[in-house]
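In: Turn this into a structure:
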Amino acid sequence: MNHWLVKSEPFKYSWEKFNQEGRTFWDGVRNYQARNNLRAMATGDLVMWYHSNEGKEIVGIARVVKEAYQDPTTNDANWVVVDLEPVESLKRPVTLEEIKADEPLKDIGLVRQGRLSVMSLKREEFDRILELAEK
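Out: Residues are numbered from 1 along each chain as shown. Below you'll find the model as predicted:
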């Protein structure tokens, strides 16, 4: 199983709305590296949900329930989506500020490539964020 992080602006699509709907397809990706990450996602992979711009915090965990397929919002075959379902909200959101200050997370993609909307996480990074959410 792989681990990922996706970024969403809460005013466009929040963790709360995602939980209300119970499932969504992750669309709107127009960056090749992020697209390649979507293509690499497999059913069952876990995905951390990050609220960007407002909040700047990881708020929950989702699961990939359908692997990459053509993005239905465009006819351009270059772009794909995956389907996600919510797993659980974090006990406490983990802020970008906390992540930057945490030595084991100093090289996380969220810090190094702040504009990338879909990125991989190492298992250790995923687990460390869960530890921070428990504090």
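In: what comes up buried for stretch 128-135?
Out: 128, 129, 132, 133 (16 or more other Cβ atoms under 10 Å). Placement of C-beta: from N, CA and C, glycine included.
In: mean confidence score for that stretch?
Out: The pLDDT scores in stretch 128-135 average 96.
In: who touches that stretch?
Out: 48, 58, 90-94, 98-99, 102, 104-105, 121 (Cβ atoms under 8 Å, 6 or more residues apart in numbering).
In: go with 10 Å
Out: Contacts of stretch 128-135 with the rest of the structure, by Cβ atoms under 10 Å, 6 or more residues apart in numbering, involve 3, 5, 48, 50, 57-61, 89-95, 98-99, 102-105, 108, 110, 121-122.
In: Mind giving me the PyMOL command for buried ones among those residues?
Out: To isolate in PyMOL the members of the contacts of stretch 128-135 that are buried, counting by 16+ other Cβ under 10 Å, one can use:
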select buried, resi 3+5+48+50+57+58+59+60+61+90+93+94+98+99+102+105+108+110+121
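In: So what's the gap between stretch 80-97 and the chain middle?
Out: 6 Å (Cα atoms, centre = their mean, to the nearest Å).
In: same thing with stretch 100-115?
Out: With Cα atoms, centre = their mean, you get 14 Å for stretch 100-115.
In: Also stretch 19-35?
Out: With Cα atoms, centre = their mean, you get 9 Å for stretch 19-35.
In: quick one: the helices in the chain?
Out: 15-21, 32-40, 96-101, 109-112, 123-134 (DSSP state H).
In: Residue 71 is nearest to which of the ones you listed?
Out: helix 32-40 (9.1 Å; Cβ to Cβ).
In: So what touches that closest one?
Out: By Cβ under 10 Å, 6+ apart, the list of residues contacting helix 32-40 from outside reads 2, 4-7, 26-29, 31, 64, 67-69, 71, 78-82, 109, 113, 115-120.
In: And the buried ones among those residues, selectable in ChimeraX?
Out: Filtering these down to the buried ones (16+ other Cβ under 10 Å) takes a single ChimeraX command:
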select :2,4,5,6,7,26,27,29,64,67,68,71,79,80,81,82,109,116,117,118,119,120
